[in-house]
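1. This is a predicted model, with the sequence first.
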There are 2 protein chains.
Amino acid sequence: MNFNTITIKDIATALNLSVSTVSKALRDSYEISEKTKKLVNDYAREHNYRPNPIAQSLKQGNSKSIGIVVSTIENQFFSQVINGIESVAYKAGFNVIITQTHESYDLEVKNVEHLTHRSIDGLLISLSTETHDLGHLKRLNELGLPIVFFDRITDEIETHKVISDNFKGGYDATRHLLDGGYRRIAHITSPPNISITRERFAGYKKAMEEAGITIPDEYIKHCPHGGRDVGEIEKALNELLLLKNKPDAILTTSDRITTTSLFLLNKLGIKIPQEMAIVGFTNTMLADVLSPSLSSVYQPGFEMGQKATELLLNLILSKRPVYEFETMVLPTQLVTRRSTSPKN
Amino acid sequence: MNFNTITIKDIATALNLSVSTVSKALRDSYEISEKTKKLVNDYAREHNYRPNPIAQSLKQGNSKSIGIVVSTIENQFFSQVINGIESVAYKAGFNVIITQTHESYDLEVKNVEHLTHRSIDGLLISLSTETHDLGHLKRLNELGLPIVFFDRITDEIETHKVISDNFKGGYDATRHLLDGGYRRIAHITSPPNISITRERFAGYKKAMEEAGITIPDEYIKHCPHGGRDVGEIEKALNELLLLKNKPDAILTTSDRITTTSLFLLNKLGIKIPQEMAIVGFTNTMLADVLSPSLSSVYQPGFEMGQKATELLLNLILSKRPVYEFETMVLPTQLVTRRSTSPKN
DNA sequence: TTGAAAGCGGTACCAC
DNA sequence: GTGGTACCGCTTTCAA
């Protein structure tokens, strides 16, 4: 149903004008006399006229709106990104449509389809953990849909990308543990197909190598859905705890894996950091208030949303096709707290 | 831009049929021969045809999508509600469009306008703290737009509503404090114009009355934006701490007010619960892991989203106008933890 | 069984 | 300066 009180046609009838005249008057065309413009605009204002953007986009081929795909808005990092996106988009007169994949490839495909059908002018996307095949996005990219990837990106499509410095985040966190005297550092993370997993792992590995430590294979645990299900985190943690060569510290990635690991360790009665230190990627504002306070790698979510949107708007508003793309890397921030206090 | 590879017209041209025939074939009309149907459907499948829902909704006057308005998705409660909404909506073949007011009346009006223009079939809304005037929603309601309120509702519009048992939540939490020996119980909450504030206050008041305690006026602190800004929470808390007759416990409402209060108390070095007990409404999954673990009133967010959507779909799909409305009240759950351990 | 044409709400080209 | 009209993609009478 259409709940706009009034259409351009109604105005035309009421003022005894043609629709085209009304349309032009509303768009402040030079062709229309000031008198008519005033007449039309006054009437429109009084009757609370609003153009129907669906009709407009059908006609004009643009919609002044951008689509967003994230894994889940429950994740503080993503809700901060979305706030950043909105702050820039609204200022430029664009609306946003938010969708969630819940880490499902099928839902990602469905959402992207839904968004393009709703006639978006551009797409901001962070890939789901299940996504291997990028066909759905490649097709759109080739058709000319402006796309900007953020957070979880891909090499297979050339366009603007915005990430945080995951390598450095992983490196700094690991270095911090090493400096505190921890040597047996395990890593619970997302599946290796998504970019952030590989980047953070690389940082972790580098720091370990520099310390002359070989990482046992069984120290690396992947959660197939990036921690969506408690079970996968529980499994990873239990396996680590059962190792002969039990780790004395864990580096976790993603909000969910980090906070859930903390929860589980507490539940098991394991003393943090004496028996097990923990540092993780998370954007929760509660790191300070956790028990114990949680050392964490913070990503600039809001800024990431802003930057990604600025780049996307550039693509959308560019008169000519763009062939030069950039990958913007934003700094992460390690905040050390009690969960990683130095040994002894 | 339209990034659908192919339109109904393309199919018509390719198969040497008329658009109307193709349209009917795709909709499996009895008028069309099986042979033609097969021809059309095969071609459509091969070429990955998807109808353009914008054009459809322009024509049909419905869009198979529902609009959502919440204050902020950063709030765990609301992201849980949204997940509940999606779970029901998707199953019924409806899409959802999520918008945030950030507790601003202006944004609420703008979002509602944007949603109705995008041709939604129904609206799910939780009012912003700034909203006093309901004109924008009354108008739509009178025009026949199905609306279901949840969480922060209003008496001024008659329709389905879903809330949690805020009275009982407030009552139980207060009762729990009283049972623990706390008597000077303060209350930091949202502004009184929104329903949840009044309902929770009523429960708190009832419990205090039953205990024969008169609540000093200065024990009631309202955060104008429901805790959106840290400053307003800080101010409320500081004022309480400076009172001669300093409270020994606080009941907080909303995720933000609750967790921020905990943070601030910790920061000030105030011992919880010895110097100040705290219990609050929050849906964070971290209540257990906080320092100290936080007694909290949990609201069934996911279920609320589900119920609200079911009611909305009833309204949307109903053949005849609906005149009987219900207000569904879902149970809250008090989980007691260390932040409210009994005195002594 | 199939097709022509109108129309949803706008925009824009082209006449007058 | 104003109006007629075609069109965006699709659905739906009404004719053929």
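-> Received it, and whenever you're ready, just let me know what you need.
2. Check the nearest residue to A:L334 once chain neighbours are set aside and give its pLDDT.
-> Closest residue to A:L334 apart from its sequence neighbours, by C-beta to C-beta, 6 or more residues apart in numbering or on different chains: A:D172 at 4.5 Å. Placement of C-beta: from N, CA and C, glycine included. On the pLDDT scale, A:D172 is placed at 98.
3. contacting residues for A:D172?
-> A:G203, A:V297, A:T332, A:L334 (C-beta atoms under 8 Å, 6 or more residues apart in numbering or on different chains).
4. So A:L251: helix, strand or coil?
-> Classification of A:L251 using DSSP: H, G, I helix; E, B strand; the rest coil returns strand.
5. Could you pull out the helices in the stretch 151-300 of chain A for me?
-> Shown for the stretch 151-300 of chain A, the helices assigned by DSSP state H, counting those that start in this stretch span residues A:166-179, A:195-210, A:230-241, A:255-267.
6. could the ones you listed go into TSV alongside distance to DNA strand C?
-> Output for the helices of the stretch 151-300 of chain A, formatted as TSV (distance: least, C-beta to the nearest atom of the strand, whole Å):
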stretch	distance to DNA strand C
helix A:166-179	44
helix A:195-210	40
helix A:230-241	48
helix A:255-267	43
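7. For these, give me CSV that also has distance to A:Q80.
-> Formatted as CSV, the helices of the stretch 151-300 of chain A follow (distance: least, C-beta to C-beta, whole Å):
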stretch, distance to A:Q80
helix A:166-179, 16
helix A:195-210, 16
helix A:230-241, 22
helix A:255-267, 11
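8. Out of the contacts of A:D172, who's the most crowded?
-> A:V297 (28 neighbours; other C-beta atoms under 10 Å in any protein chain shown).
9. If I follow the layout properly, that one ends up in contact with A:R175?
-> No. The pair A:V297 / A:R175 is not scored as a contact, 11.6 Å apart, by C-beta atoms under 8 Å.
10. For A:T7, see how far away A:T36 is.
-> Distance of A:T36 to A:T7, given as C-beta to C-beta, to the nearest Å: 18 Å.
11. Check the nearest residue to A:L237 once chain neighbours are set aside and give its pLDDT.
-> Leaving out its chain neighbours, the residue that sits closest to A:L237 by C-beta to C-beta, 6+ apart is A:L264, at 5.4 Å. Predicted confidence (pLDDT) at A:L264: the value is 95.
12. Spell out which parts of chain A neighbour DNA strand C.
-> A:2, A:4, A:7-9, A:19-20, A:23-24, A:26-27, A:31, A:50-52, A:55-56, A:58-60 (C-beta under 7 Å from any atom of the strand).
13. Give me the neighbour count for A:R338.
-> With other C-beta under 10 Å as criterion, A:R338 counts 16.
14. list the contacts for it?
-> A:I272, A:P273, A:P292, A:S293, A:S295.
15. what do you get for A:M304?
-> A:V81, A:G84, A:F150, A:D151, A:V162, A:I163, A:S164, A:L330.
16. Not counting sequence-adjacent ones, nearest residue to A:G93?
-> A:K64 (6.1 Å).
17. Ok, A:E326 next?
-> A:H160 (5.9 Å).
18. now do A:V279
-> Using C-beta to C-beta, 6+ apart, the nearest residue to A:V279 is A:S295, at 4.1 Å.
19. Is that neighbour in contact with A:V335, as I believe?
-> Yes. At 6.7 Å, A:S295 and A:V335 qualify as touching, with contact defined as C-beta under 8 Å.
20. Going by how many neighbours each has, rank these two and give me the top one.
-> A:S295 (26 against 13).
21. Now do the same contact list for that one.
-> A:173, A:176, A:278-280, A:287, A:334-340.
22. when you compare where the worst-scoring helix or strand of chain A on mean pLDDT runs with where helix B:53-60 runs, what's the angle?
-> One helix or strand of chain A scores below all others by mean pLDDT, DSSP states H and E: helix A:53-60, with a mean of 81. For helix A:53-60 against helix B:53-60, the angle by axes from the mean of the first three to the mean of the last three C-alpha atoms, to 10 degrees is 120 degrees.
23. Output helix A:53-60 as PDB, nothing but the C-alphas.
-> The C-alpha trace of helix A:53-60 is given here as PDB (Å, rounded to 0.1, in the frame of the first residue of the first chain):
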ATOM      1  CA  PRO A  53      11.300   7.400  -4.100                       C
ATOM      2  CA  ILE A  54      10.300   4.000  -5.500                       C
ATOM      3  CA  ALA A  55       8.800   5.600  -8.600                       C
ATOM      4  CA  GLN A  56      11.700   7.900  -8.800                       C
ATOM      5  CA  SER A  57      14.300   5.200  -8.700                       C
ATOM      6  CA  LEU A  58      12.300   3.100 -11.200                       C
ATOM      7  CA  LYS A  59      12.500   6.000 -13.600                       C
ATOM      8  CA  GLN A  60      15.900   7.400 -12.900                       C
END
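24. Tell me which other helices or strands whichever helix or strand comes after it touches.
-> For helix A:53-60, the following helix or strand on the C-terminal side (DSSP states H and E) is strand A:65-70. Packing partners of strand A:65-70 (3 or more C-beta pairs under 8 Å, 6 or more residues apart in numbering or on different chains; DSSP states H and E): helix A:76-91, strand A:95-100, helix A:105-117, strand A:122-125, helix A:301-317.
25. how about the closest residue to A:L115 other than its chain neighbours, what does it touch?
-> Of all residues beyond its chain neighbours, the one nearest A:L115 is A:G67 (3.5 Å), with distances taken as C-beta to C-beta, 6+ apart. For A:G67, the contacting residues are A:V96, A:I97, A:T99, A:N111, A:V112, A:L115, A:T116, A:R118, A:I120, A:G122, A:L123, A:L124, by C-beta under 8 Å, 6+ apart.
26. can I get the residues you listed in JSON lines with pLDDT and neighbour count?
-> Listed next are those as JSON lines, based on pLDDT from 0 to 100; neighbours: other C-beta atoms under 10 Å in any protein chain shown:
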{"residue": "A:V96", "pLDDT": "89", "neighbour count": "23"}
{"residue": "A:I97", "pLDDT": "88", "neighbour count": "23"}
{"residue": "A:T99", "pLDDT": "91", "neighbour count": "22"}
{"residue": "A:N111", "pLDDT": "90", "neighbour count": "25"}
{"residue": "A:V112", "pLDDT": "90", "neighbour count": "24"}
{"residue": "A:L115", "pLDDT": "85", "neighbour count": "25"}
{"residue": "A:T116", "pLDDT": "82", "neighbour count": "22"}
{"residue": "A:R118", "pLDDT": "73", "neighbour count": "22"}
{"residue": "A:I120", "pLDDT": "86", "neighbour count": "28"}
{"residue": "A:G122", "pLDDT": "93", "neighbour count": "25"}
{"residue": "A:L123", "pLDDT": "96", "neighbour count": "25"}
{"residue": "A:L124", "pLDDT": "98", "neighbour count": "28"}
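27. Low-confidence stretches in chain A?
-> Low-confidence segments of chain A (pLDDT under 70): A:1-5.
28. about what we covered before: DNA strand D is nearest to which of the helices of the stretch 151-300 of chain A?
-> Nearest to DNA strand D among those is helix A:195-210; the distance by C-beta to the nearest atom of the strand comes to 34.7 Å.
29. Please identify the buried residues of the closest one?
-> Neighbour counts using 16 or more other C-beta atoms under 10 Å in any protein chain shown place A:S195, A:I196, A:T197, A:E199, A:R200, A:F201, A:G203, A:Y204, A:K205, A:K206, A:A207, A:M208 of helix A:195-210 among the buried residues.
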